[in-house]
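Asks: Sequence and computational prediction follow.
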Amino acid sequence: QLQLVESGGGLVQPGGSLRLSCVASGFTLDYYDIGWFRQAPGKEREGVSCITNSGVYTYYADSVKGRFTISRDNAKNTVSLQLNSLKPEDTADYYCAASTSRGWCALGRGMYGYWGQGTQVTVSS
């Protein structure tokens, strides 16, 4: 069974950091681009960042550029998202998703066929 499981969410103060992980089971991530998305209460799910299967190409939404860093370790079947300088507006459920490798990546939700269940990030003092 193909599965993505996110972890690492939690409550953090503004300016703090978290590291989210996305672990795949039932398939190898070597052939998949991975995207991170988030959904705040009452809002649509939005793309945050993505990384190609090789890790060579990454892309960030303007709202997180310079604060978030995506990385992957294919040997561990894991993709991580480092969240720094967190703001209250970063509060959301964060999801990882997998897309068959294209050699590039983007943040269109329809591009991703496999989704995790999400991990909650709350930024509050």
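Replies: Thanks, I have the structure now.

Asks: which SS state does the closest residue to V64 other than its chain neighbours fall under?
Replies: Nearest in space to V64, with sequence neighbours left out and distances taken as CB to CB, 6 or more residues apart in numbering, is V48 at 5.6 Å. Placement of C-beta: from N, CA and C, glycine included. In terms of secondary structure, V48 is strand; the call rests on DSSP: H, G, I helix; E, B strand; the rest coil.

Asks: can you pull the contacts of V48?
Replies: Under the criterion of CB atoms under 8 Å, 6 or more residues apart in numbering, the contact list for V48 reads G35, W36, F37, R38, Y60, A61, S63, V64, F68, L81, Y94, L107.

Asks: Okay, the nearest residue to the second one once chain neighbours are set aside and A75: tell me how far apart.
Replies: By that I understand W36. Nearest-residue entry for W36: V48, 4.5 Å, with adjacent residues in sequence omitted and distances by CB to CB, 6+ apart. Here the criterion is CB to CB, to the nearest Å. By it, V48 lies 24 Å from A75.

Asks: Count the neighbours of G42 for me.
Replies: Other residues lying near G42 total 5 when counted by other CB atoms under 10 Å.

Asks: On the pLDDT front, check it for me.
Replies: On pLDDT, G42 comes in at 95.

Asks: ok but it is inside a strand, no?
Replies: No: assignment of G42 by three-state DSSP gives coil, placing it outside any strand.

Asks: give me the element the residue most central in space within the chain is part of.
Replies: Using CA atoms, centre = their mean, the residue of the chain that lies closest to the mean C-alpha position is W36, 2.5 Å off. Secondary structure from DSSP states H and E places W36 in strand 32-39.

Asks: which parts of stretch 47-54 are buried?
Replies: If you call a residue buried by 16 or more other CB atoms under 10 Å, then stretch 47-54 has these buried ones: G47, V48, S49, C50, I51, T52, N53.

Asks: swap in stretch 21-35?
Replies: By neighbour count on 16+ other CB under 10 Å, the buried set for stretch 21-35 is S21, C22, V23, A24, L29, Y32, D33, I34, G35.
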